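Sequence plus predicted model, see below.
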Amino acid sequence: MNQLLVLTDFSAAADNALAYAAQLAQPLRAGLLLLHVRRTSLLDPEALTGKYPARTEAEARALLQQQAAHWQQQGIACTGQVAAGDVTEEFVAAARAHGVLLAVASKCDTEELPDELVNSTVLRLLRHTPCPLLVVPEAYRQHALPLHWLVALDEQPAQLGALATAVQPLLEAGHPLVQGVQVIGEGQAMSPAHPANLATALGAEAPVQVLPGSDVALVLTKRARQQLGSWLVLWARSRSRLSNLFHRSRTAAVVLHSPVPVLVLPEAAA
């Protein structure tokens with residue numbers, strides 16, 4: 001059985017992401033693996049902020065058992081796992097150990113804060129996730145497979161191969177309408193290979209929309225607001241690849257401000 005790994009801290013945002021993951025589990029014929037990490041690492045920037053209640057292992061296990069029992073009653077296979085240490089390290093270890101199809105994490109509402117002041121767990125996950133990661137905004141309530149995918153394209157057509165491998169079960173389960181989106185600045189042009197490569201990756205024709213703008217994250221999130229039943233799909237890029245449009249800071253900006261779930265494909269899949 002496929003597994004969906006859901007990272008939870010028992011917050012309202014995490015509960016919303018879990019409810020969304022549960023709605024995905026049934027059409028994907030997948031079970032849920034709930035992961036709670038007790039923040040014991042001294043290097044965790046959020047461990048001492050008071051944002052997360054200090055819980056014993058027994059308390060965390062009891063909460064996970066309650067959540068697992070709830071979803072089991074809904075006919076969804078669900079288990080819980082408690083770990084201790086660095087959240088990112090434990091998340092990566094669990095994803096690799098269980099070979100999960102998809103990881104799901106929440107993004108708290110931080111619109112009132114400047115991006116520079118946001119120190120969110122999910123932003124650190126972007127840099128290390130070994131599997132596709134779905135980031136669910138706290139305010140998002142459309143708990144169903146998306147009707148549309150907006151696939152953000154850059155100048156690297158080879159990245160589209162990931163669509164034919166890492167996310168094929170998601171495509172087959174939901175049959176979304178897929179549209180490529182490329183943001184281009186003044187003097188740039190759309191890669192002529194994008195339409196053909198996107199069609200090859202999907203096994204079907206898919207239109208590619210070109211949008212002008214210099215702020216990639218702003219343009220993409222504005223486009224997503226026009227289609228709130230969609231997912232944004234993009235890649236986590238390394239900062240060292242200066243030629244790539246999507247390096248990590250831009251990926252993070254999209255995740256911070258997107259009104260819809262963002263499906264982030266790990267760079268290794270690109």
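Arrived safely.

any weak-confidence spans in the chain?
41-52, 110-119, 155-164, 190-194, 197, 199-204, 237-248, 267-270 (pLDDT under 70).

can you do 80?
Along the chain, segments meeting pLDDT under 80 span 40-54, 109-120, 154-166, 186-206, 235-249, 267-270.

now the end-to-end length of stretch 2-18.
16 Å (CA to CA, to the nearest Å).

Would you mind listing the buried residues in that stretch?
Neighbour counts using 16 or more other CB atoms under 10 Å place 3-10, 13-14, 16-18 of stretch 2-18 among the buried residues. The C-beta positions use only the backbone N, C-alpha and C, and glycine is treated the same way.

likewise stretch 61-77?
Leu63, Leu64, Gln67, Ala68, Trp71, Ile76.

ok now do the second one, which residues does it touch?
Residues counted as contacts of Leu64 (CB atoms under 8 Å, 6 or more residues apart in numbering) are Thr8, Leu34, His36, Gly80, Gln81, Val82.

Please apply the same query to the fifth one.
Residues touching Trp71, when contacts are defined by CB under 8 Å, 6+ apart, comprise Ala22, Leu32, Cys78.

how close does the first one sit to Arg96?
Here Ala22 is placed at a distance of 23 Å from Arg96 (CB to CB, to the nearest Å).

same check, this time on Glu172
Taking CB to CB, one finds Glu172 at 24 Å from Arg96.

do the same with Gln227
Distance, Gln227 to Arg96, using CB to CB: 33 Å.

Settle it for me: which of those two has more neighbours?
Comparing Gln227 with Arg96 by other CB atoms under 10 Å, the one with more neighbours is Gln227, at 18 against 11.

Settle this for me: the more buried one is touching Trp149, isn't it.
No - between Gln227 and Trp149 there is no contact under CB atoms under 8 Å: 9.9 Å.

ok, Ala196 - how many residues close by?
Neighbour tally, Ala196, other CB under 10 Å: 13.

Would you mind naming the helix or strand containing it?
Using DSSP states H and E, Ala196 sits within helix 194-202.

For the very next helix or strand once past that helix, which residues meet the burial criterion?
Following helix 194-202 in sequence order, the next helix or strand is strand 208-212 (DSSP H and E). Along strand 208-212, these residues count as buried under the neighbour rule (16+ other CB under 10 Å): Val208.

so how far is strand 208-212 off the chain centroid?
Averaging C-alpha positions (CA atoms, centre = their mean, to the nearest Å) puts strand 208-212 23 Å from its chain's average.

Please, where are all the helices along the stretch 1-150 of the chain?
For the stretch 1-150 of the chain, the helices defined by DSSP state H, counting those that start in this stretch cover 12-28, 57-73, 87-98, 121-128.

Select, out of those, the one closest to Val167.
helix 12-28 (11.1 Å; CB to CB).

Now do the closest one: which elements does it pack against?
Helix 12-28 is packed against strand 2-7, strand 30-39, strand 102-107, strand 133-137, helix 168-174, with contacts defined by 3 or more CB pairs under 8 Å, 6 or more residues apart in numbering; DSSP states H and E.

Of all these, which one is nearest Pro212?
Taking these one by one with CB to CB, strand 133-137 is closest: 25.6 Å.

And this protein, split by domain according to the record?
Here the domain parsing of the chain from automatic domain parsing is 2-137, 148-269.

Would you pull up how far the longest one lies from the middle of the chain?
Going back to what we said before, that points to domain 2-137. 11 Å.

Surely Ala139 and Asp109 touch.
Yes - counting by CB under 8 Å, Asp109 is a contact partner of Ala139 at 6.1 Å.

so what sits against both of those two?
In the contact map built from CB under 8 Å, 6+ apart, no residue is linked to both Ala139 and Asp109.

What does the residue of the chain most remote from its centre show for phi and psi?
The centre of the chain is farthest from one residue, Gly187, which by CA atoms, centre = their mean lies 31.5 Å away. Note on Gly187: its backbone torsions stand at phi 90, psi 0 [degrees, to the nearest 10].

now swap in Pro261 and tell me
phi -60, psi 140.

Kindly report the same for Leu218.
The phi/psi pair for Leu218 (degrees, to the nearest 10) is phi -60, psi -40.
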